[in-house]
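> Predicted model and sequence below, questions to follow.
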Amino acid sequence: MKKNEKIIKQLIKLLGQEKVYSSLEDCLCYSYDGTFRTGVPSVVVRPSSTQEVASVMKLASQENIPVVPRGAGTGLSGGAVPVEGSVVIDLTSMNRILKVDPANMLAVVEPGVVTAHLHKTVEEMGLFYPPDPSSANVSTIGGNIAECAGGPRGLKYGVTRDYVLGLEVVLAGGEVINCGGETIKNVSGYDLCRLFVGSEGTLGIVTRAVLRLIPKPEARRTIRADFKTIEEAAETITAILSAGVIPAALEIMDDVTIRCVENYLRVGLPLDVEAILLIEVDGPALSLPEQVKTIAALCQQYGAARVRVAETKEEETELWRARKSVSPAVVQVKPTKISEDATVPRKNVPALIKAIKEIARRYNLDIVIFGHAGDGNLHPNILVDKSNPEEMERAERAIAEIFQAALSLGGTLSGEHGIGLLKAPFLEMEYGQSGVALMRRIKEALDPRGILNPGKIFGGARN
Amino acid sequence: MSNEAKAVKDQVNRCSKCGSCREVCPVFIEMNSEPWVARARVQLASAALEHQVDFSHRYKEIMESCLLCKACVAHCPNGVRVDKLVLWARQEAVKRQGLAFIKKVLLHNILRYNYRLDLMAKILAAYQATGIRLTPKDNLLPHFRTVPFRRLWHPKKLKKPSLVVAYFTGCMTQYVYHQTGRAVLHVLEENNVQVVLPEQWCCGMPALAAGDLQTARALAERNVESLTKAGVDYIITDCASCGEMLKGYGQLLGNDMARKFSGIVQDVSFFLVHTIGFRHPDKKVPLVVTYHDPCHLKRGQGTWAEPRKILAGIPGLTLVEMAESDRCCGSAGSFGFTHYDLSMKILQRKVENIRATGAQAVATGCPSCRLQIECGLKKADISMPVVHTVELLSRAYGLGMEGEAAC
């Protein structure tokens, strides 16, 4: 306790009283992220410059105190859940878009910029920042970089890592480094940018990012197709991509999801199908009718029970409404939903769905499956009541089996949520002992004292 | 675990901590740090329930900084009733530590007695007549009337009315906006509705919001008894907050009489559109108007289309929608006084949205919002009247408008 008070005093000296929160109440307000796990830090700081972040890291490293960086706290793997007794660095005060450079098609931002705010700002200039995690309206770019956020547009446009050109990072000891830069091409030295993206705050703290932008697509169109079987839906996806059309989004909802949404919305979704595909294409307005025609024809050819093409903006909104209502719909069934993001190569999507359904049956759990079928990234959501420990225990065992199923189908534990706390026990399943040992060596090289977000990715207590 | 604690726990459990509330909470948007967002209040309520925190100064500060605007509730994918959790947290704090002195005096010694409220309004009116301004917060004070509405104005006796309603005037109409009260009487009379004005007290919302359940219940009981005795078809309000409060009496008191009472409460705009089917006026009101949705009318009572239908029914009137018409104006009853700077910041965005419409007047359905917006417009040097929707309808039926109340 005494040490704590000393640290808090020093932090106040470094940053000023108003940027340091140390009451239990404040710490409780920072004890969670978007998961059901919690941990109470001993103090929260809200720096507003790189220098301030560096000074906090210098102190933390001298005093050997764990540090947990944090954006909006919307992560779904527990990456921002504080380690007990840690210093939380809330980066949301650093929320300036420093520049948008249309000539070089890039933006330079601070980590606390809200993703949707960046979207809006650049789109007003005819530019486009594609990564669109579902929390984009509140999530921050810093958090997106730390977790390598994806979203529906991943299939066509890639994920956060594909848009990070350069980073300014504060290291564990408080040193500030730059990697990458403002050029598209850059092969000087190791690709540290890629190392930091998705490192979940365990290697350094991003304080500035150079992000690549592309021209904003001129128009978009949406198609919905209903399929009697998952296999037909999967074959259709392969056929569309083989025909040379890459949709901007290719979303799937399984039968349980459809039933939940229909119960909630009553919009006449078909209850006798196994899958609904929502397909969005974007690009030059002139090219879209052709693409829409191709997709609709392929859907028919591969057995769609019904194909609908949105002709107006209203129809488009209507088609997307079902997908966007999944979250409110499923909580009508049970209050707690555990959102997973097991990902497999595209052609194995039907096999993964089958496997998850079998797991749901065996553990007697409600699991809805939806997600980004185009890139093999599914979101099985396990619906439970967290006040029921027996059910939670069953859910945990089911999750372990879902991971195993994804890995045995050539997939990964996580497509876009990260490993964090929740998936840490399973990392060796994916990479084996040597793989994880190599990652640990990298972690130790960058953070020898193990103060940066300890326990995340690798699990266990700190060092 | 008590039923109440169980209900709190259920709401806490529903919160998935997804953080969507960060997008809409007006307080969080100004403060920009986690303790000021709905999700954090849920976490703190949970900690209080588990006895992890005391009802400390900081705890109360965080719970008291909620507008109860329900923006988070409407936006929450899980439908968590954060407003209820905040009210519970405030009540628990009051139960354990009592009310702050000034609140206790206002809620226990003044709000419960009409003659003391009358007297206070009179004193404030006299103070305002002197022209002295002690603090900038004085600008938030409305222009008090020396005689209360119900003593000054009486409904006409109709020969063959189609319905009989009790008009719950609310403190703001009673002491400040007589023009709204006159318009309500006029509009209802024009639609052949007999109005009666039974004895009534403050609806109790200020007490409930402060966590003073005892006063809220005492006032509710008195109102239920008095207005039930009047034996009317409906109880009409012109105030969004009063309306929501009266509709909640059933739950608050938990008896059949109160539930029956709540069942016949209607906002005046809802009543005009659905219950009576208001007569379309023929006099032109050539105005460009924008409409502000009061939180307690739109999210509190689900009434947002009705005022617009009334405005659309007025010849010559053009409605221009403002951006974020249902975003809280920052008034939230006494919040404007207790959190002056924050309230003014929230108001500023409302004023900007109003300015951008280029409208000539603002209509709304809540006297507190009206007062707040009037102040905001005055501060921004925008000369634009703010009126209750029924005042425009009344004008279209031929009643002249009183001069706009000074802010």
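Received, thanks.
> Now the stretch 251-400 of chain B against chain A: closest residue?
residue B:323 (13.7 Å; CB to the nearest CB). For the C-beta atoms, the positions are set from N, CA and C on the backbone; glycine is no exception.
> dump the residue contacts of residue 155.
Using chain A here. Applying CB atoms under 8 Å, 6 or more residues apart in numbering or on different chains, we find residue A:155 in contact with A:246-250, A:372, A:374-375.
> You answered for a different chain; I wanted chain B.
B:167, B:185, B:188-189, B:194-197.
> Relative to chain A, how far out is it?
44 Å (CB to the nearest CB, to the nearest Å).
> quick one: low-confidence ranges for chain A?
Under the criterion pLDDT under 70, the flagged ranges of chain A are A:1-2, A:461-463.
> That one against chain B: which residues are in contact?
Where chain A comes near chain B, counting by CB under 8 Å from any CB of the partner chain, the residues are A:21, A:23-26, A:28-36, A:46, A:72-74, A:90, A:92-93, A:95, A:135, A:137-139, A:327-328, A:331, A:335-337, A:385-387.
> what's the neighbour count on the residue of the stretch 251-400 of chain B closest to chain A?
13 (other CB atoms under 10 Å in any protein chain shown).
> The residues of chain A next to chain B, buried ones only, as a PyMOL selection?
Here is the PyMOL selection string for the buried members of those, based on 16 or more other CB atoms under 10 Å in any protein chain shown:
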select buried, chain A and resi 21+23+24+25+26+28+29+30+31+32+33+34+35+36+46+72+73+74+90+92+93+95+135+137+138+139+327+328+331+335+336+337+385+386
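> Could you give the number of residues near residue B:285?
Residues within reach of residue B:285, counting by other CB under 10 Å, total 19.
> Return the helix or strand in chain B with minimum mean pLDDT.
helix B:335-338 (a mean of 87; mean pLDDT, DSSP states H and E).
> downstream neighbour of that one in the secondary structure list?
Next helix or strand after helix B:335-338 toward the C-terminus (DSSP states H and E): helix B:340-357.
> Spell out which residues sit in contact with residue 301, please.
Went with chain A since none was named. Contacts of residue A:301 (CB under 8 Å, 6+ apart): residue A:239.
> wait, chain B
Listed by CB under 8 Å, 6+ apart, the contact set of residue B:301 reads B:240, B:243-244, B:247, B:267, B:270.
> Phi first, then psi, for it.
Per-residue torsions, residue B:301: phi -130, psi 0 (degrees, to the nearest 10).
> Any figure for the gap between the closest residue in space to residue B:239 that isn't next to it in sequence and residue B:236?
Distances taken as CB to CB, 6 or more residues apart in numbering or on different chains place residue B:170 nearest to residue B:239, at 3.9 Å, with adjacent residues excluded. Applying CB to CB, to the nearest Å, the value for residue B:170 to residue B:236 is 11 Å.
> The least confident helix or strand of chain B: which residues count as buried?
Under the neighbour-count criterion of 16+ other CB under 10 Å, helix B:335-338 has B:335-336, B:338 buried.
> quick revisit: between the contacts of residue B:155, which is nearest chain A?
Of the contacts of residue B:155, the one sitting nearest to chain A (CB to the nearest CB) turns out to be residue B:188, at 36.9 Å.
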